[in-house]
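A.B. asks: for reference, the sequence and a predicted model appear below.
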Amino acid sequence: MTNKEALQATLDGIDVSALALEKALLDGNVSADSLYSAGQKKAVELCAIELLYAEFTKPDMQEGGFSVSRPDFLRKVQARLLYLARQHGRTDIVQQLETRPTVKGVSPW
(Lines give C-alpha, C1' and ligand atoms only; values in the text may rest on other atoms or scores of the structure.)
Protein backbone atom coordinates (compact mmCIF):
# COMPACT_ATOMS: atom_id res chain seq x y z
CA MET A 1 0.00 0.00 0.00
CA THR A 2 1.29 3.47 -0.87
CA ASN A 3 1.02 6.55 1.33
CA LYS A 4 -1.64 7.87 -1.04
CA GLU A 5 -3.70 4.71 -0.61
CA ALA A 6 -3.19 4.86 3.17
CA LEU A 7 -4.45 8.45 3.17
CA GLN A 8 -7.49 7.40 1.20
CA ALA A 9 -8.14 4.59 3.69
CA THR A 10 -7.72 7.00 6.61
CA LEU A 11 -10.49 9.17 5.18
CA ASP A 12 -12.79 6.21 5.91
CA GLY A 13 -14.91 6.31 2.76
CA ILE A 14 -15.03 10.10 2.41
CA ASP A 15 -14.35 10.72 -1.24
CA VAL A 16 -11.92 13.47 -2.24
CA SER A 17 -10.21 14.01 -5.56
CA ALA A 18 -6.88 12.40 -6.41
CA LEU A 19 -5.41 15.89 -6.80
CA ALA A 20 -6.52 16.86 -3.29
CA LEU A 21 -4.92 13.68 -1.91
CA GLU A 22 -1.64 14.39 -3.68
CA LYS A 23 -1.61 18.05 -2.62
CA ALA A 24 -2.24 17.16 1.01
CA LEU A 25 0.61 14.67 0.94
CA LEU A 26 2.96 17.17 -0.74
CA ASP A 27 2.01 19.84 1.81
CA GLY A 28 2.75 17.32 4.57
CA ASN A 29 6.11 16.35 3.06
CA VAL A 30 4.92 12.77 2.50
CA SER A 31 5.79 10.91 -0.69
CA ALA A 32 2.53 9.73 -2.29
CA ASP A 33 4.08 6.75 -4.07
CA SER A 34 6.30 5.47 -1.27
CA LEU A 35 5.24 2.35 0.59
CA TYR A 36 3.22 3.08 3.70
CA SER A 37 4.63 1.98 7.05
CA ALA A 38 3.55 2.39 10.64
CA GLY A 39 6.17 5.13 10.94
CA GLN A 40 4.16 7.21 8.46
CA LYS A 41 0.88 6.91 10.38
CA LYS A 42 1.03 10.30 12.10
CA ALA A 43 2.09 12.16 8.94
CA VAL A 44 -0.67 10.53 6.89
CA GLU A 45 -3.29 11.23 9.57
CA LEU A 46 -2.22 14.88 9.77
CA CYS A 47 -2.76 15.08 5.99
CA ALA A 48 -6.20 13.54 6.50
CA ILE A 49 -7.07 16.21 9.07
CA GLU A 50 -6.37 18.93 6.51
CA LEU A 51 -8.53 17.21 3.86
CA LEU A 52 -11.40 16.54 6.27
CA TYR A 53 -11.33 20.10 7.56
CA ALA A 54 -11.47 21.41 4.00
CA GLU A 55 -14.47 19.17 3.27
CA PHE A 56 -16.20 20.17 6.50
CA THR A 57 -15.82 23.90 5.94
CA LYS A 58 -16.80 23.79 2.26
CA PRO A 59 -20.00 25.83 1.83
CA ASP A 60 -23.26 24.30 0.65
CA MET A 61 -23.77 24.68 -3.06
CA GLN A 62 -26.32 27.24 -4.26
CA GLU A 63 -27.25 28.33 -7.75
CA GLY A 64 -30.34 30.37 -8.41
CA GLY A 65 -33.20 28.72 -6.50
CA PHE A 66 -31.36 25.39 -6.27
CA SER A 67 -29.30 24.42 -3.24
CA VAL A 68 -27.65 21.25 -2.01
CA SER A 69 -27.11 20.62 1.67
CA ARG A 70 -25.06 17.66 2.90
CA PRO A 71 -25.99 17.12 6.58
CA ASP A 72 -25.45 13.33 6.66
CA PHE A 73 -22.13 13.59 4.84
CA LEU A 74 -20.99 16.42 7.11
CA ARG A 75 -21.86 14.46 10.27
CA LYS A 76 -19.58 11.67 9.03
CA VAL A 77 -16.80 14.13 8.17
CA GLN A 78 -17.16 15.84 11.54
CA ALA A 79 -16.99 12.57 13.46
CA ARG A 80 -13.84 11.42 11.63
CA LEU A 81 -12.25 14.87 11.88
CA LEU A 82 -12.88 15.08 15.63
CA TYR A 83 -11.42 11.62 16.15
CA LEU A 84 -8.21 12.42 14.26
CA ALA A 85 -7.89 15.94 15.71
CA ARG A 86 -8.13 14.55 19.25
CA GLN A 87 -5.56 11.85 18.45
CA HIS A 88 -3.04 14.46 17.29
CA GLY A 89 -3.72 17.28 19.73
CA ARG A 90 -5.35 19.66 17.24
CA THR A 91 -7.29 21.48 19.95
CA ASP A 92 -8.01 24.38 17.59
CA ILE A 93 -10.16 22.12 15.42
CA VAL A 94 -11.72 20.27 18.36
CA GLN A 95 -12.75 23.54 20.02
CA GLN A 96 -14.18 24.93 16.80
CA LEU A 97 -16.21 21.82 16.04
CA GLU A 98 -17.50 21.36 19.58
CA THR A 99 -18.52 24.99 20.09
CA ARG A 100 -22.24 25.34 19.73
CA PRO A 101 -23.56 28.51 18.11
CA THR A 102 -25.39 30.94 20.38
CA VAL A 103 -27.87 33.68 19.66
CA LYS A 104 -27.57 36.86 21.68
CA GLY A 105 -29.81 39.87 21.93
CA VAL A 106 -33.01 38.07 20.90
CA SER A 107 -35.98 37.89 23.20
CA PRO A 108 -37.46 34.39 23.55
CA TRP A 109 -40.94 35.99 23.58
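C.D. replies: That came in fine, so what should we check first? Residues are numbered from 1 along each chain as shown.
A.B. asks: lowest-pLDDT helix or strand in the chain?
C.D. replies: Of all helical and strand segments in the chain, the minimum by mean pLDDT, DSSP states H and E falls on strand 66-68, at a mean of 67.
A.B. asks: in this structure, where is pLDDT below threshold?
C.D. replies: Across the chain, the ranges flagged by pLDDT under 70 are 59-62, 66-71, 100-109.
A.B. asks: and the helices in it?
C.D. replies: If you assign secondary structure with DSSP state H, the helices in the chain sit at 3-10, 18-27, 41-57, 71-87, 91-98.
A.B. asks: any chance of these in a markdown table with mean neighbour count and distance to Asp33 as columns?
C.D. replies: To be clear about C-beta, it is placed using only N, CA and C from the backbone, and glycine gets the same treatment. As requested, the helices of the chain are arranged in a markdown table below (neighbours: other C-beta atoms under 10 Å; distance: least, C-beta to C-beta, whole Å):
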| stretch | mean neighbour count | distance to Asp33 |
| --- | --- | --- |
| helix 3-10 | 20 | 7 |
| helix 18-27 | 16 | 9 |
| helix 41-57 | 19 | 13 |
| helix 71-87 | 16 | 23 |
| helix 91-98 | 13 | 28 |
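A.B. asks: out of those helices, nearest to Gly64?
C.D. replies: Using C-beta to C-beta as the measure, helix 71-87 is the one of the helices of the chain that comes nearest Gly64, at 21.3 Å.
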